[in-house]
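Novice: just the structure for this:
(2 chains)
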2 protein chains.
Amino acid sequence: MSSTTVNYPEEFKGFAISDPSEWSNPKLTSYVPKNFGDRDVDIEIECCGVCASELFTLKNEWSKSELACKSSSYGPKTQCVGHEIVGKVLKVGSKCTTGVKVGDRVGLGASASCCAECSRCEEDNEQYCKHQVGTYAGRYPDGYVSQGGYASHVRAHEKMVFPIPDGLESHLVAPLMCGGLTVYSPIKRSIEDTLAKGKTPHVGIIGIGGLGHMAIMIAKALGAEVTAFSRSYSKQEDATKMGAHKFIATGVEKDWSKNYFDYFDAIINCATSTVDTDVDAFLSTLKVNKKLISVGLPHVDEKLQVSPFTFLQNGVFLGASLLGSRKEAIELLQLAKDHKFAPWVETLDINEANVSQALTRLNAGDVRYRFTLVGFHEFFGTGK
Amino acid sequence: MSSTTVNYPEEFKGFAISDPSEWSNPKLTSYVPKNFGDRDVDIEIECCGVCASELFTLKNEWSKSELACKSSSYGPKTQCVGHEIVGKVLKVGSKCTTGVKVGDRVGLGASASCCAECSRCEEDNEQYCKHQVGTYAGRYPDGYVSQGGYASHVRAHEKMVFPIPDGLESHLVAPLMCGGLTVYSPIKRSIEDTLAKGKTPHVGIIGIGGLGHMAIMIAKALGAEVTAFSRSYSKQEDATKMGAHKFIATGVEKDWSKNYFDYFDAIINCATSTVDTDVDAFLSTLKVNKKLISVGLPHVDEKLQVSPFTFLQNGVFLGASLLGSRKEAIELLQLAKDHKFAPWVETLDINEANVSQALTRLNAGDVRYRFTLVGFHEFFGTGK
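Specialist: Predicted structure coming up:
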């Protein structure tokens, strides 16, 4: 048995760090998985997307204390990330009810568990469950700190494990599990009233990166007219190929907002930081009572400054959205299949050098538009 | 003819200032009304509420240039305020279509005109019309700057003139025209989905002042369970009498928000300033995708600081609401009649000393909870 093969189910293996200074160089590590719950599912991972939120966790920028894994009640004191997972079900808990079966191809996003019984869980908002546990760096009730998908296997609550329709390629599905779902949920929720009236909603997408490029495709597939916002014209051609109907370079077209009074039914802010965004200008272009919704995650200390007067001009709202529900994940996968859209993905075979390359280049914004780590079966000796 | 009688229709008389330094001492002034439009209505004023936004206009705190009236294309260079008006229709334009008739008792709020043909006007959002003109200090297309309701008469577009049902007392209706409508609109819009499901919405009202005290009554009449928020317990007894089911003194009960996780369907912020409000705490108590809506108007330079992370915990929104529509004004008046609620009003006979008293005491927060200036017929020799 080579050093990369895995002694499942006692052991999982993944790329992990033990200190934020190592954020760009996770090392192959062996670790004990969390105790298997009776609604848990084990997934043998086939591939995993690389999401910008991984950088925040590895650099520990969302926390003011040490890495959560350091205080895990059992299991590793190292942190493996990754939460855009596609793989095959190896084991199903005795009390599972979703119909998930051994051998199914499934996806897992940024959330690995929830209480499954509170009102939020029951109303298709389990991503907001108070007991929701992140797929990595999340703390389970028993104190175990979760480990992510740059790994041989992952263990998660069945509610967070989504069946993947045939006909979709795994490495293109992976980025939908977090990034895609994160934009699908707010777009869908904010335009369904307009769609129900038989009208074409106008959706603005700020930031043409990992999230934004999927938002363009998804909004279009849902029936919206899509306007892409970027600082310069450098991504205009790409945005048009992704399906954007209009493109506005906000750094160049200084007075753009004056021409878009009462235009948008929803604006989705996919930029990581809003510090340099002229929020007031975007708000001024919304229709009455509509919303600007942020999905990009900022630094924990970041504060947003807005003039209360701006909201008054059209009675609009500013807020954020977190991930999406199981119901929405299943809808999104079907939408991708029906409308034949897929994220623009650069694949990298999983190994130490390529994990480092993915993180380093993502940190530098050097990816158009998403990495998927592949070749897990070959590397870990799985998939047999 | 005494100096207070009015040579209508050539002349209106009202209490006005010519400089912000005179904010607390408007003087009786005669002025030319705006040219009569074919959808305009003249109202002989019976009484007028005193709204905090008057202070902002008189002190010129919403603007960085001189008083708008100084650049009026014709008419007075002085400013008369007042926009919670009840009176009798004296004249109706030739192209009026709302059915308003000479002799009708009507109300006029903070908005005196709109284009009446844009999509916002057609969709019951005329308060957000780009061509909306404030009842005072608003600029008409012909350059005339509007004059308010501390006056003998007022001229306004019929769409902004609301019929008042019999059985409601004028001095108690007046504060509903701006303050009441301003809270009715966001409460109604933010709880109608919950009401439609047959559930009891939980509504929080921040700030038990002029706006907040009406918000409590209105939310209750609409079928909500109402929680009143104030800094101390000093207004608890009043809030309970107004109909609040719960009362939280945020300055005393420091950890109050922890007990209200996932509780509110809407929170209406009626405080004038949000600088000292812990917005994050309030946001954390909202249900998923619900809203905190500000209706109090801040200083023009005020900026709101929020942590983007807060919104993520429950996917919530922060925004504002401006006035209400004609449709909502009519609904509100019927609601007040059906549920027999009325603002708590202190009346003052209109004259120079009492206008000064109302403004000075309102500025000091010395009113529980609303002034209505009355006795207009006697003072101006009208109502015959």
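Novice: A:Leu332 belongs to a helix?
Specialist: Yes - counting by DSSP: H, G, I helix; E, B strand; the rest coil, A:Leu332 is located in a helix.
Novice: find the nearest non-adjacent residue to it, please.
Specialist: For A:Leu332, ignoring the flanking residues on the chain, the nearest one in space by C-beta to C-beta, 6 or more residues apart in numbering or on different chains is A:Tyr184 at 4.5 Å. Placement of C-beta: from N, CA and C, glycine included.
Novice: from what I see, that neighbour and A:Ile218 are in contact.
Specialist: Yes - A:Tyr184 is within contact range of A:Ile218, at 5.2 Å (criterion: C-beta atoms under 8 Å).
Novice: mind listing the shared neighbours of those two?
Specialist: With contacts taken as C-beta atoms under 8 Å, 6 or more residues apart in numbering or on different chains, the residues that reach both A:Tyr184 and A:Ile218 are A:332, A:335.
Novice: mean confidence score for the helix or strand hosting A:Lys290?
Specialist: According to DSSP states H and E, A:Lys290 maps onto strand A:286-294. Mean per-residue pLDDT for strand A:286-294: 96.
Novice: strand partners (parallel or antiparallel) of the following helix or strand past that strand?
Specialist: Later in the chain than strand A:286-294, the nearest helix or strand by DSSP H and E is strand A:304-306. Sheet pairing of strand A:304-306 (DSSP bridges) gives strand B:304-306 (antiparallel).
Novice: could you list every helix and strand that the helix or strand that comes right after the partner strand packs against?
Specialist: Per DSSP H and E, the first helix or strand lying C-terminal to strand B:304-306 is helix B:308-314. Here helix B:308-314 touches strand A:317-320, helix B:279-283, strand B:286-294, going by 3 or more C-beta pairs under 8 Å, 6 or more residues apart in numbering or on different chains; DSSP states H and E.
Novice: swap the cut-off to 6 Å and go again
Specialist: On a contact count with 3 or more C-beta pairs under 6 Å, 6 or more residues apart in numbering or on different chains; DSSP states H and E, helix B:308-314 meets strand A:317-320.
Novice: what's in contact with the strand it packs on?
Specialist: For strand A:317-320, contacts defined as C-beta atoms under 6 Å, 6 or more residues apart in numbering or on different chains pick out A:291-294, B:291, B:311-312, B:316-319.
Novice: quick one: low-confidence ranges for the stretch 151-300 of chain A?
Specialist: Applying pLDDT under 70 to the stretch 151-300 of chain A picks out residues A:273-275, A:298-300.
Novice: in it, which spans are helices?
Specialist: For the stretch 151-300 of chain A, applying DSSP state H, counting those that start in this stretch gives helices covering A:170-175, A:181-196, A:210-221, A:236-242, A:279-284.
Novice: mean neighbour count added to the ones you listed, as JSON lines?
Specialist: Converted to JSON lines, the helices of the stretch 151-300 of chain A look like this (neighbours: other C-beta atoms under 10 Å in any protein chain shown):
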{"stretch": "helix A:170-175", "mean neighbour count": "26"}
{"stretch": "helix A:181-196", "mean neighbour count": "21"}
{"stretch": "helix A:210-221", "mean neighbour count": "27"}
{"stretch": "helix A:236-242", "mean neighbour count": "17"}
{"stretch": "helix A:279-284", "mean neighbour count": "20"}
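Novice: format those helices as a markdown table; extra columns: distance to A:Tyr136.
Specialist: Formatted as a markdown table, these follow (distance: least, C-beta to C-beta, whole Å):
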| stretch | distance to A:Tyr136 |
| --- | --- |
| helix A:170-175 | 15 |
| helix A:181-196 | 16 |
| helix A:210-221 | 17 |
| helix A:236-242 | 29 |
| helix A:279-284 | 31 |
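Novice: farthest-apart pair in the contacts of strand A:317-320, please.
Specialist: Taking C-beta to C-beta as the measure, the contacts of strand A:317-320 span a maximum distance of 16.6 Å, between B:Leu312 and B:Gly319.
Novice: for chain B, what are the nearby residues on chain A?
Specialist: A:125, A:128, A:288, A:291, A:294, A:298, A:303-308, A:311-312, A:314-322 (C-beta under 6 Å from any C-beta of the partner chain).
Novice: one more pass at 7 Å, please.
Specialist: A:120, A:125, A:128, A:130, A:189, A:261-262, A:274, A:288-289, A:291, A:294, A:298, A:300, A:302-309, A:311-312, A:314-322 (C-beta under 7 Å from any C-beta of the partner chain).
Novice: kindly indicate whether A:Thr347 is helix, strand or coil.
Specialist: strand.
Novice: Provide a list of residues in contact with the closest residue to it other than its chain neighbours.
Specialist: Taking C-beta to C-beta, 6+ apart, and ignoring the residues beside it in sequence, A:Thr347 has A:Val374 as its nearest neighbour in space, at 4.7 Å. A:Val374 makes contact with A:47, A:171, A:347, A:349-350, according to C-beta atoms under 7 Å, 6 or more residues apart in numbering or on different chains.
Novice: how about A:Tyr88, phi and psi?
Specialist: Check again: residue A:88 is Lys, not Tyr. The phi/psi pair for A:Lys88 (degrees, to the nearest 10) reads phi -120, psi 140.
Novice: do you know the pLDDT at it?
Specialist: So, for A:Lys88, pLDDT stands at 98.
Novice: same thing with the one 4 residues further on?
Specialist: On pLDDT, A:Val92 comes in at 98.
Novice: repeat that for the one 3 residues further on.
Specialist: The confidence metric pLDDT takes the value 98 at A:Lys95.
Novice: now A:Thr5
Specialist: Per-residue pLDDT puts A:Thr5 at 87.
Novice: that one: neighbouring residues, count only.
Specialist: 14 (other C-beta atoms under 10 Å in any protein chain shown).
Novice: assign a three-state SS to it, would you?
Specialist: coil.
Novice: from B:Tyr128, how far out is A:Lys287?
Specialist: 9 Å (C-beta to C-beta, to the nearest Å).
Novice: again, but for A:Phe376
Specialist: 53 Å.
Novice: before we move on, what about A:Ile45?
Specialist: 51 Å.
Novice: neighbour count: the two, which is higher?
Specialist: Applying other C-beta under 10 Å to A:Ile45 and B:Tyr128 shows that A:Ile45 carries more neighbours, namely 29 against 25.
Novice: and that one, that one's in a strand?
Specialist: Yes - counting by three-state DSSP, A:Ile45 is found in a strand.
Novice: what bridges to the closest residue to it other than its chain neighbours?
Specialist: Ranked by C-beta to C-beta, 6+ apart and with sequence neighbours excluded, the top spatial neighbour of A:Ile45 is A:Gly87, at 4.2 Å. Taking DSSP bridges as the rule, A:Gly87 bridges to A:Ile45, A:Val106.
Novice: over to A:Val50?
Specialist: Beta bridges link A:Val50 to A:Phe371, judged by DSSP bridges.
Novice: tell me how many other residues surround it.
Specialist: A:Val50: 30 neighbours (other C-beta under 10 Å).
Novice: could I get the contacting residues of the residue in the stretch 1-150 of chain A that chain B sits nearest to?
Specialist: With C-beta to the nearest C-beta as the measure, A:Asn125 is the residue of the stretch 1-150 of chain A nearest to chain B, at 4.5 Å. Contact analysis of A:Asn125 by C-beta under 7 Å, 6+ apart lists A:325, B:288.
Novice: what pLDDT does it get?
Specialist: pLDDT for A:Asn125: 97.
Novice: do you have the strands of the stretch 101-250 of chain A handy? List them.
Specialist: Assigned by DSSP state E, counting those that start in this stretch, the stretch 101-250 of chain A shows strands spanning A:105-108, A:111-113, A:133-134, A:153-157, A:161-163, A:202-206, A:225-230, A:246-249.
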